[in-house]
Structure formats: C-alpha cells, structure tokens
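*Asks:* Next one to model:
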Amino acid sequence: MEMHLPTSSLHQSCVDAVTASYFGSINNNHHAYTKGRQAYVHALARINQALAYNDSALEQQTLTGVLCLCLYENIVLSHSTAWFTHYSGISRLIEFRGPSRHRIGLDRDILHASRFMIILAAGAQRRHCFLAYPSWRSIVWPPGHEAASKPDALLEIAVDVPGILYDLDRIKATFTPDSYALLRQHTVAILQKLHNWSSSLSYDPSLNGVRRYNPINAAALALCYAIMLVISEPCSFLSVPLLPISNIAQGTDAEQKRSLAMAIYDLAKASIGTNNSIPGAFFFIFPLYTVAKHLTRGGGQEAYHIYDYMDSVIGGVHGFSIGSEATEMEEYVSY
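*Replies:* Model (predicted):
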C-alpha cells in the first residue's frame with residue numbers, strides 16, 4: 001500500500017532507519033546498516049517524546065513513525081522483544097484513537113497497513129482483538145463494501161482468532177457447559193470460514209496437476225494454513241476436526257497438523273526466490289514460525305530444515321532478520 005507520509009524530521013529519521021538498514025542488510029553494506037541504526041536511535045527518541053503527551057501521541061506523524069519502526073524491527077530486530085513492543089504500540093495507539101479517526105485518507109491507510117500487526121499482537125497476548133468489534137469492522141469495510149482482495153478477506157476472519165484463544169484460557173480456568181458449547185460453536189464457525197476461503201482461492205494447474213498460486217495468494221494461503229494450526233489447540237480441547245473429512249479420510253490430529261505444516265513449507269519454497277518481491281518473503285515469516293513450532297513439538301527433523309530455510313532465504317536473501325530469529329519470536333508468539 002502506497003502512503004504519502006507528511007514530511008518532518010521525525011519521519012525523515014524513520015524513513016532513513018528503514019531504507020538504510022534494509023539496503024545495508026541485503027547488500028552487506030556496513031556503512032548503510034550503521035547509518036540506519038543511528039537514524040533508528042534518533043527516531044525512537046523523537047517517538048518517545050511524542051508519546052509523552054496525549055495530543056502528539058495521537059497525531060498522524062506519530063502513528064506513521066511507529067509503523068516505520070515496526071518495519072525496521074522486521075529488518076534489524078534490535079533485540080528479541082522489539083518487534084512485539086512496536087506491534088503492541090501501534091495497536092494501542094490506533095485503538096486509543098478510536099474508529100472514527102480512521103475513516104478516510106492517510107488515517108484509513110495506516111489502519112489497513114497495521115491490521116496484520118494488530119492481530120498478531122493480540123494473538124501473542126491471547127486476548128480479544130479490538131478489530132473484531134462491530135464499530136471497527138464497519139470502519140475497515142463500511143456497509144456495502146466487500147474486502148478488496150482475498151488477503152483482506154482472510155484478515156477479516158483472522159481478527160476473531162485471538163479471542164478464541166482468550167476464551168479457551170478462561171474455560172480451562174473456569175469450566176461451564178454453556179461456555180464450552182459457545183466456544184465450540186464459535187470455533188467451528190471460524191474454521192468453516194477458513195475452509196471456505198481457501199477453497200475459493202484461484203489457482204493455475206501445472207502440468208503435473210499441482211496447484212500453482214500467484215505470490216500474493218500463495219502467501220495468503222500459507223497464512224490461512226498457519227491460522228488453522230493456531231486453532232488446532234482449541235480444536236483438540238473441543239473435539240473439533242481440524243480438516244474436513246473429505247480432505248483427509250484417515251489420519252491422527254498430529255498427522256493433520258503435519259500435513260498443514262508441510263503445505264506451508266511447500267508454498268514458501270515454490271513462491272519465494274532470490275528475485276521475488278519483498279512482500280512475498282515478509283508475509284511468509286509468521287506462517288513459517290508457526291510451522292517450525294508445531295514440527296518441533298512433534299519431534300521431527302523437518303523443523304531444522306524450516307529454521308535453516310528461514311535463516312538462509314528470509315533472513316539472508318531478503319534481509320528480514322526477524323525471519324532468522326525463530327526461537328526468539330516463538331517465546332512471544334505463544335500460540
């Protein structure tokens with residue numbers, strides 16, 4: 001998404017931090033990388049100054065600055081929790097501003113550009129995502145307007161997933177038959193939406209009959225499968241089949257999860273190469289983390305191949321350091 005940012009010394013520092021660090025990362029240019037880190041230190045200081053006052057904390061330039069710092073941490077990962085700090089930060093700022101301030105223009109663009117980070121921050125904390133509330137849904141896609149793309153439609157489903165994790169934790173702490181039944185109904189509904197979304201995704205058959213997706217749809221499908229892996233926890237607790245019987249006639253719960261995990265890995269290998277666009281690699285980061293986590297739990301050797309792939313391709317070729325720090329991210333992406 002193209003956004004025309006207001007010009008200021010704050011924004012210049014933020015943009016310098018992102019562009020210089022990324023250039024330095026993919027080109028092994030130490031001078032540019034150092035320049036990016038210096039710009040980041042200056043930008044972070046300016047952001048903290050703005051956050052000290054309610055008026056400046058809610059300004060457009062503060063939000064776009066924090067959004068730039070989120071991108072910076074995907075590239076550099078200055079410390080293991082920095083990505084989560086900035087993801088949570090922009091989530092709190094947007095929520096505090098309220099839906100009415102994100103109806104049009106740059107404010108709306110910021111909201112749309114931040115949705116995935118907001119959902120991920122809520123999921124990491126296992127709490128309800130505010131984007132699932134009707135007042136926010138009506139702002140993201142006003143009545144009469146459908147999601148602009150398949151990935152957008154998927155995010156509209158994903159906003160409900162953190163709430164499922166929250167409700168699962170509450171039921172485990174204080175069980176009642178009614179709450180169990182309600183969560184099971186909600187989980188089945190979300191899972192059905194995910195299956196409907198994935199089955200409607202367009203693809204091109206190759207000569208050997210394997211489905212081929214364009215890079216954007218491939219990354220979105222990988223995210224869809226990753227969300228299913230996240231939901232596998234409440235599915236196991238609620239005795240809900242993770243995959244339709246028509247997809248896998250036989251197979252244990254562990255085998256179904258491995259099938260989803262390996263499908264994500266196959267999509268990544270088929271879609272990401274040295275010449276692919278930056279967004280393609282970026283949007284595979286969370287699905288690959290989820291895959292590695294589930295395969296590690298299963299004790300299989302495949303997890304080591306995933307980590308190696310993330311180190312060499314996501315981190316090495318495409319310059320996203322967060323993609324080569326899987327064990328650090330897993331500590332905070334609790335699901």
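*Asks:* With the flanking residues excluded, which residue is spatially nearest to Trp83?
*Replies:* In space, and not counting its chain neighbours, Trp83 is closest to Glu73: 4.3 Å by CB to CB, 6 or more residues apart in numbering. The way it works is simple: take the backbone N, C-alpha and C, and place the C-beta from them, glycine included.
*Asks:* pretty sure that neighbour contacts His86?
*Replies:* Yes - here Glu73 reaches His86: they are 5.5 Å apart, a contact under CB atoms under 8 Å.
*Asks:* joint contacts of the two?
*Replies:* Common neighbours of Glu73 and His86, counting by CB atoms under 8 Å, 6 or more residues apart in numbering, are absent.
*Asks:* now the strands: where do they sit in the stretch 101-250 of the chain?
*Replies:* Using DSSP state E, counting those that start in this stretch, the strands of the stretch 101-250 of the chain run over 204-205, 211-212.
*Asks:* List just the one of these that sits closest to His30.
*Replies:* strand 211-212 (39.3 Å; CB to CB).
*Asks:* what's the closest one packed up against?
*Replies:* If you count contacts as 3 or more CB pairs under 8 Å, 6 or more residues apart in numbering; DSSP states H and E, strand 211-212 packs onto strand 204-205.
*Asks:* Try it again at 10 Å.
*Replies:* strand 204-205, helix 215-238, helix 253-271 (3 or more CB pairs under 10 Å, 6 or more residues apart in numbering; DSSP states H and E).
*Asks:* Buried residues, the longest one. List them.
*Replies:* By neighbour count, and taking 16 or more other CB atoms under 10 Å as the criterion, the buried residues in helix 215-238 are 215-232, 234-235, 238.
*Asks:* to the chain's geometric centre, what's the distance from that helix?
*Replies:* Chain-centre distance of helix 215-238: 11 Å, with CA atoms, centre = their mean, to the nearest Å.
*Asks:* Give the buried residues for stretch 54-64.
*Replies:* Of the residues in stretch 54-64, those buried (16+ other CB under 10 Å) are Ala57, Leu58, Glu59, Gln60, Gln61, Thr62, Leu63, Thr64.
*Asks:* Closest to Thr19 out of the residues you listed?
*Replies:* Among those, and counting by CB to CB, the member closest to Thr19 is Thr64, at 14.4 Å.
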